[in-house]
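Student: Let's see this in three dimensions:
(one chain, ligands or ions: 3)
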Amino acid sequence: MSGEQVENQLDDKYNALEANDIMLLFQLTKKLLLTSQSNEVLEELIDAFLLFYPQANVQLLLTHEDKKYRDLPVAYFERNTQFENEVAFRTYQTGIIQIEKRSNNQILHIPFKGVQAMYGVLQLSVTNSKEITEKDFEILQHLADVSGNAFEKARLQEQLNQRINDLNLLNDSSHKLNSNLRLTDTVEYMTEQIQASIHSEQVGFFFFNRTGEIEALQGSTEYFFTDASSLLVEKISEKIKQRKEAFMMLDLMKENIQTPYRSLLAVPMIHDDELKGATIVLHTRANFFTFDQFKLLESLIYHSTLAFINSMLHEEMQRLAITDQLTRLYSRNYLDEKINESMQSDMKGTFILFDIDDFKQVNDTYGHLTGDDVIIQVSNLILANKRSTDIAARWGGEELALYLPAVDITQGLRAAERLVSVVKKSTSPSVTLSGGIAYWDMTDSNDTVTKLFNRADQALYEAKRAGKNQVVVQPMYTN
Ligand code: GH3
Ligand code: MG
Ligand code: MG
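Tutor: Ligands and ions are numbered 1, 2, ... in the order given. Below is the predicted model:
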């Protein structure tokens, strides 16, 4: 093509434009196409329009909302009814520039589109006195076309980057979860990942216990351990059970659910067609989560469910190994271990060994089942009256033990006496307890768990001999 031909073609296309305009359009085009962020494209586009029409008012009416455009003169189709924006809608549907005459201004509606889709409508408000010429149409059309394409390119790039980030996240978490973490670590890790990737304020991981109730797992964020969350969690749990698939709620206020949070995502954990658990994610702003974030969360949970189930099973097995089946108290092994630990890290401790008095008679009179039930009653009384740091264990048969870490003999004795009196009052059929108490402190560095047990055993023997229904303290230096 010769130089002259090119000139003629340009003449044809831009016959109404002057050389100056063409130069300017050329520069703006270059700039727009080099811009890689979609919000910057919009910024450039608005500047470009204002360069040609400094008196005008520019607004963009977009189809998809994005936080990136918060600081720009951007509105969204969804927010405006079709009625209010009739001309804009016609522009959107036809793809042709429309002029809307109003009483004191006129609005030019210019389609904003790329190759793949229409993204919205550009609205340019100018005074009625401004005459819209052929030249104006050409400038507007050109700017809209170029920026539409630049916008599309930037959007695609942004979406691609987001996908890459999401896939990296899925990949990283799969690796991490396959490395056999403890359940709490798994929950903590996933909570962090979710907070970082979808910017949620609260993340809760739950499992459905044997009776079908929902329970929060350690490692979830704090809100889920407060009473304030229980009603919300209860309602969502019901919904999860009904639907058995992920869902999002845009505004909890409209659902009449009492909570400071308004946006919610919920994803069930399903394994072997059975609902095992769920994840609930919250944010205080309504309409906060995007559909893409919802889908990302769904994939994350889908890929991590098996790891969760394995961790939960593992934990359950460990719990069974350290728990006595009848009483739900700890097993003796576990108690041994904990007292050993306490003797390493605390300054002192008290150990109480209880034995139910005349238990053979209970069995003989009421039968073994009632006997079992009495052991359970006494265990529950010990659990209800102990501190959270104390460790209650089934020593064997109708013998139960309580270890009080970092507690001295004076306090320990008081605790033992209180239990003896509570058990007598609160069991049915009523039984009494005898207790042997032993303690240790830093003054004897040769003391051991076995010696401590022996002292308690001796004291228990003394308590029986002295007439039962009482506690006896064994002094430290007796073995
Ligand atoms: P003492 O006051 O001297 O402790 O008298 P006791 O009758 O309690 O005698 P002892 O401690 O020697 O016997 C405990 C009895 O408790 C023996 C056993 O049959 C019964 N027992 C042990 N474990 C269980 C249990 O799990 N369930 C029931 N029902 N009985 C048990
Ligand atoms: Mg006994
Ligand atoms: Mg007994």
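Student: contacting residues around whatever residue of the stretch 351-479 of the chain ends up closest to ligand 1?
Tutor: Among all residues of the stretch 351-479 of the chain, residue 371 sits closest to ligand 1, at 2.6 Å; criterion: Cβ to the nearest ligand atom. Glycine gets a C-beta too; all of them are placed from N, C-alpha and C. Counting by Cβ atoms under 8 Å, 6 or more residues apart in numbering, residue 371 touches 359, 362, 363, 398.
Student: Residue 264 now?
Tutor: 236, 248, 249, 252, 280, 281, 282.
Student: returning to what we had before: narrow the contacts of residue 371 to just the buried residues.
Tutor: Among the contacts of residue 371, those classed as buried by 16 or more other Cβ atoms under 10 Å are 359, 362, 363, 398.
Student: Apart from its neighbours in sequence, what residue is nearest the third one?
Tutor: Once its chain neighbours are removed from consideration, residue 363 has its nearest residue in residue 371; the separation is 4.2 Å (Cβ to Cβ, 6 or more residues apart in numbering).
Student: one step back: keep only those of the buried ones among the contacts of residue 371 that are in helices.
Tutor: Among these, the members found in helices (DSSP state H) are 359, 362, 363.
Student: Restricting to the residues you listed, which residues neighbour ligand 3?
Tutor: residue 359 (Cβ under 5 Å from the ion).
Student: want to throw the ones in helices among the buried ones among the contacts of residue 371 into TSV with distance to ligand 1 and pLDDT?
Tutor: Listed next are these as TSV, based on distance: Cβ to the nearest ligand atom, whole Å; pLDDT from 0 to 100:
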residue	distance to ligand 1	pLDDT
359	3	97
362	7	97
363	5	97
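Student: ok, which residues in the stretch 301-450 of the chain are in contact with ligand 3?
Tutor: Near ligand 3, when you scan the stretch 301-450 of the chain using Cβ under 5 Å from the ion, you find 355, 356, 359.
Student: which SS class is residue 103?
Tutor: coil (DSSP: H, G, I helix; E, B strand; the rest coil).
Student: quick one, phi psi at the residue in the stretch 101-250 of the chain positioned nearest to ligand 3?
Tutor: Nearest residue of the stretch 101-250 of the chain to ligand 3 (Cβ to the ion) works out as residue 210 at 32.4 Å. When read as degrees, to the nearest 10, the backbone of residue 210 gives phi -60, psi -30.
Student: How about the residues of the stretch 301-450 of the chain by ligand 1?
Tutor: Taking Cβ under 6 Å from any ligand atom as the criterion, the neighbours of ligand 1 within the stretch 301-450 of the chain are 355-360, 363, 368, 371-372, 375, 397-398.
Student: try 8 Å
Tutor: Residues of the stretch 301-450 of the chain lying close to ligand 1 (Cβ under 8 Å from any ligand atom) are 326, 355-363, 368-372, 374-375, 396-399, 434.
Student: The closest residue to residue 25 other than its chain neighbours: which element?
Tutor: Residue nearest to residue 25 in three dimensions, not counting chain neighbours: residue 142, with 5.6 Å by Cβ to Cβ, 6+ apart. For residue 142, the host element (DSSP states H and E) is helix 134-177.
Student: and that helix, what does it pack onto?
Tutor: Other helices and strands packing on helix 134-177, by 3 or more Cβ pairs under 8 Å, 6 or more residues apart in numbering; DSSP states H and E, are helix 19-34, helix 38-52, strand 105-113, strand 118-127, helix 183-198, helix 291-322.
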